[in-house]
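Enquirer: quick one, structure for this:
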Amino acid sequence: MNMVEEMVQLSDDELLRYARQVLLDGWDMDAQLRLKTARVVIIGAGGLGCPASETLVRAGIGYVHLIDDDEIEASNLQRQTLFLPEDIGQSKALTAVHMLARINPLIKARGTVARLDEYNAYELLDMASSKPDLLLDCTDNFATRDIINRISVRYQIPLLSASAIAMQGQLALFEPQLDTGCYHCVFGSVVLDEAADERTCANSGVLASTTAVMGNLQANTALQYLGLTKNLLTNKLLIWDGSQMQQRLMGYRKDPQCPVCSSPIVNPL
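Expert: Residues are numbered from 1 along each chain as shown. Here you go, the predicted structure:
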């Protein structure tokens with residue numbers, strides 16, 4: 001436990017709320033305190049961002065920042081679990097944060113209506129104050145994921161990337177600070193494939209359970225990483241197939257020629 005965690009205590013309300021969690025074998029007060037002091041940024045408040053953020057907030061993550069520039073549509077209600085019919089037309093980020101604060105008033109939640117890119121990342125991620133402990137990529141296209149990966153590598157912030165489409169999903173946790181490879185090492189050829197980049201939930205469809213499963217697998221990975229400092233997906237890509245009810249792990253290695261993580265890191269001013 002670091003000095004910040006040593007100075008932080010759980011309130012009586014927190015002890016009561018998280019009692020079942022603290023009773024877990026392998027999960028103790030120190031783990032819960034690490035969650036309380038953790039700061040995560042979630043890019044995308046849609047099908048993945050909703051279940052991932054809700055589970056993290058219910059579990060006691062200290063600070064959640066949702067970034068999304070989209071508005072709620074009727075077709076979102078099938079899978080984006082923080083929204084109701086009366087929310088149609090409202091900001092996803094702001095509406096989700098309002099709901100998260102109602103679910104757990106003991107945490108801090110912030111919403112920003114913006115599209116994260118390499119030019120505004122320093123400001124949106126509050127890098128001037130401190131780096132986030134973890135980035136959660138909950139977006140739905142390869143081009144955006146590639147940008148988020150570049151931001152992760154540039155600022156040396158761990159990146160937990162999930163995807164969900166149709167009845168399939170993928171999940172990986174990259175740690176650029178450990179130089180173990182990045183999103184581009186795994187999906188580089190796909191990222192450059194414009195045809196592949198056109199596959200989104202909007203044009204390919206997605207089962208409601210797919211985003212729920214993948215969002216919660218993402219939250220499960222984040223909780224163990226932040227609370228127990230364990231990366232159970234080091235150099236592994238989790239592939240989930242809901243149509244066959246199968247899950248497998250595929251190993252990967254850092255690409256020594258990767259144009260993103262094998263190039264010298266240029267930090268912005």
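Enquirer: from now on I want contacts and neighbour counts done on CA atoms only, so please keep to that.
Expert: Fine.
Enquirer: may I see the buried residues of stretch 11-27?
Expert: Neighbour-count burial for stretch 11-27, counted by 16 or more other C-alpha atoms under 10 Å, picks out 17-18, 21-22.
Enquirer: would you turn those into TSV with distance to residue 62, pLDDT and secondary structure?
Expert: Listed next are these as TSV, based on distance: C-alpha to C-alpha, whole Å; pLDDT from 0 to 100; DSSP: H, G, I helix; E, B strand; the rest coil:
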residue	distance to residue 62	pLDDT	secondary structure
17	14	97	helix
18	13	97	coil
21	15	95	helix
22	16	94	helix
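Enquirer: for those residues, which one is nearest residue 204?
Expert: Nearest to residue 204 among those is residue 21, at 37.5 Å by C-alpha to C-alpha.
Enquirer: low pLDDT regions in the stretch 1-150 of the chain?
Expert: For the stretch 1-150 of the chain, applying pLDDT under 70 flags the ranges 1-7.
Enquirer: hang on, I meant the stretch 151-269 of the chain
Expert: Ranges of the stretch 151-269 of the chain meeting pLDDT under 70: 189-203, 264-269.
Enquirer: strands of that one, start to end?
Expert: Using DSSP state E, counting those that start in this stretch, the strands found in the stretch 151-269 of the chain span residues 159-165, 168-174, 236-241, 246-251.
Enquirer: what's the angle between the second one and strand 236-241?
Expert: So that's strand 168-174. In terms of direction (axes from the mean of the first three to the mean of the last three C-alpha atoms, to 10 degrees), strand 168-174 departs from strand 236-241 by 170 degrees.
Enquirer: chain center to strand 168-174, what's the gap?
Expert: In terms of C-alpha atoms, centre = their mean, to the nearest Å, the centre of strand 168-174 is found 10 Å from the chain centre.
Enquirer: give me the angle between that strand and strand 159-165.
Expert: 170 degrees.
Enquirer: one more: the last one?
Expert: Here the directions of strand 246-251 and strand 159-165 differ by 140 degrees (the same axes, to 10 degrees).
Enquirer: ok, which stretches of the protein are helices?
Expert: In the chain, the segments counted as helices under DSSP state H are 3-7, 12-17, 19-22, 29-37, 49-59, 92-103, 121-124, 142-155, 183-191, 194-197, 201-204, 208-228.
Enquirer: which other helices and strands contact the third one?
Expert: Taking 3 or more C-alpha pairs under 8 Å, 6 or more residues apart in numbering; DSSP states H and E as the contact definition, helix 19-22 has no neighbouring helices or strands.
Enquirer: please apply the same query to the longest one.
Expert: The criterion is 3+ C-alpha pairs under 8 Å, 6+ apart, and the helices and strands that helix 208-228 contacts are helix 29-37, helix 49-59, strand 159-165, strand 168-174.
Enquirer: can you add distance to residue 103 and mean neighbour count and give those back as a markdown table?
Expert: Output for these, formatted as a markdown table (distance: least, C-alpha to C-alpha, whole Å; neighbours: other C-alpha atoms under 10 Å):
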| stretch | distance to residue 103 | mean neighbour count |
| --- | --- | --- |
| helix 29-37 | 16 | 22 |
| helix 49-59 | 7 | 24 |
| strand 159-165 | 23 | 25 |
| strand 168-174 | 26 | 23 |
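Enquirer: format those as CSV; extra columns: distance to residue 82.
Expert: Shown next, in CSV, are the helices and strands packed on helix 208-228 (distance: least, C-alpha to C-alpha, whole Å):
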stretch, distance to residue 82
helix 29-37, 22
helix 49-59, 6
strand 159-165, 17
strand 168-174, 20
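Enquirer: of those, which approaches residue 8 most closely?
Expert: With C-alpha to C-alpha, the closest approach to residue 8 among the helices and strands packed on helix 208-228 belongs to helix 29-37: 7.1 Å.
Enquirer: just want the angle from the closest one to helix 49-59.
Expert: Following the same axes, to 10 degrees, one obtains 130 degrees for the angle between helix 29-37 and helix 49-59.
Enquirer: helices or strands next to helix 29-37 in the packing?
Expert: The helices and strands touching helix 29-37, judged by 3+ C-alpha pairs under 8 Å, 6+ apart, are helix 3-7, helix 208-228.
Enquirer: quick check, distance from it to the centre of its chain.
Expert: When distances are taken as C-alpha atoms, centre = their mean, helix 29-37 is centred 18 Å away from the chain's centroid.
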